[in-house]
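[1] Sequence unavailable; structure follows:
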């Protein structure tokens, strides 16, 4: 049936038909968008190697496009089919575009968005990507902690030369006080107290790396007293013990520095991995926004096409 000529006082936009089409489009878009979000297509995914997944990108684009194109084509069709035949087929396309704009507004009102259903979809995509970034960054930080935990920070026993049994200071003290003949007779408890003081001096030497002349003289005297050695022999034994403790300290420092270097290297590697992942996630967010925006623009064309198709069906009936 041919279109009628424009009627005076009646515009080419049939608001009743447009409203019906917009409601249909908004409802269908809301359902499909919710379904897509539930299936996890809210953002561009990352591949197993940490890069942008091409398959995920294509799948996201297809789902996003379908969730926008199909509803607005349907809404445009409804508007074109219901529109009163005024203004020709060009008016059908115009009504389809109005359906698209009004549908976005209705979607905004339903979803509580701020500037449109499409931007709402973009926001959800970026939000999903941000959450993924947070999870990924958390995982990287945890991995860094795990790697740091895997670094073997040596304990005291680990720092000992293989030739020295536990406890090294006890062993060195025993070596110092090993009598060269029958041990001297001392008042009860005095030998134990002297040995305790000798170990205390050795502990200070291990911590500081140096020994005072006073502590060295103390060791010389007590070793000579408890072992029966001559003064020169006692001094040589004490000097040997001091050197041994200093060697333990040096080896300890080397092992600690090596452990720190290993931990720092692993943490640096983890930070670099986290920075790379953050860049990839930002790219994923940008691609998500682009896909959603492109889908919205295509939805306008779909609404116009659907309205024209609906107009043709209207004319044929």
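    Cool, got the structure. Given the structure is predicted, the values throughout are model-derived calculations rather than measurements.
[2] which ones are touching the residue nearest to residue 14 when sequence neighbours are not counted?
    In space, and not counting its chain neighbours, residue 14 is closest to residue 83: 4.2 Å by Cβ to Cβ, 6 or more residues apart in numbering. Placement of C-beta: from N, CA and C, glycine included. Counting by Cβ atoms under 8 Å, 6 or more residues apart in numbering, residue 83 makes contact with 14, 17, 18, 91, 92, 95, 307, 310, 311, 314.
[3] and which of those residues is nearest residue 199?
    For these, the minimum distance to residue 199 (Cβ to Cβ) is 94.7 Å, reached by residue 18.
[4] count of neighbours near that closest one?
    Residues lying near residue 18 (other Cβ atoms under 10 Å) number 28.
[5] Check which residues of the one helix or strand it maps to are buried.
    Taking DSSP states H and E as the definition, residue 18 sits inside helix 15-38. Along helix 15-38, these residues count as buried under the neighbour rule (16 or more other Cβ atoms under 10 Å): 17-30, 32-33, 36-37.
[6] next structured bit after that helix?
    Downstream of helix 15-38, the first helix or strand assigned by DSSP H and E is helix 54-82.
[7] tilt between that next one and helix 15-38?
    With axes from the mean of the first three to the mean of the last three Cα atoms, to 10 degrees applied, the angle from helix 54-82 to helix 15-38 works out at 160 degrees.
[8] and the next helix-or-strand element following helix 54-82, which residues are buried?
    Later in the chain than helix 54-82, the nearest helix or strand by DSSP H and E is helix 89-111. By 16+ other Cβ under 10 Å, the buried positions in helix 89-111 come out as 91-100, 102-104, 106-108, 111.
[9] again with stretch 212-231
    Neighbour-count burial for stretch 212-231 [16+ other Cβ under 10 Å]: 215, 216, 218, 219, 220, 222, 223, 224, 225, 226, 227, 229.
[10] same thing with stretch 252-261?
    For stretch 252-261, by 16+ other Cβ under 10 Å, it's residue 252.
[11] still on that earlier bit, quick check: the farthest pair among the contacts of residue 83?
    18 and 314 (14.3 Å).
[12] Low-confidence stretches in the stretch 151-300 of the chain?
    Low-confidence segments of the stretch 151-300 of the chain (pLDDT under 70): 151-167, 180-188.
[13] Show me the helices in it, by range?
    Using DSSP state H, counting those that start in this stretch, the helices of the stretch 151-300 of the chain run over residues 168-176, 190-208, 213-227, 231-316.
[14] Identify whichever of those lies nearest to residue 78.
    helix 231-316 (6.6 Å).
[15] Next, the angle from the closest one to helix 213-227.
    Using the same axes, to 10 degrees: helix 231-316 against helix 213-227 is 120 degrees.
[16] And residue 71, how close does it get to residue 298?
    For residue 71, the distance to residue 298 (Cβ to Cβ, to the nearest Å) stands at 12 Å.
[17] burial measure for the closest residue to residue 33 other than its chain neighbours, as a count.
    Of all residues not flanking residue 33 in the chain, residue 67 sits nearest, at 4.9 Å (Cβ to Cβ, 6+ apart). For residue 67, the count of nearby residues is 24 (other Cβ under 10 Å).
[18] surely residue 67 meets residue 295?
    Yes. If you go by Cβ atoms under 8 Å, residue 67 and residue 295 touch, sitting 7.4 Å apart.
[19] Quick check: pLDDT value at residue 131.
    On pLDDT, residue 131 comes in at 55.
[20] Could you export the buried residues of stretch 212-231 as TSV, including distance to residue 193?
    As requested, these are exported to TSV (distance: Cβ to Cβ, whole Å):
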residue	distance to residue 193
215	16
216	19
218	13
219	15
220	18
222	10
223	15
224	17
225	13
226	11
227	16
229	20
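[21] on that earlier part again, of residue 71 and residue 298, give the one with the bigger neighbour count.
    More crowded of residue 71 and residue 298, by other Cβ under 10 Å: residue 71, with 28 against 15.
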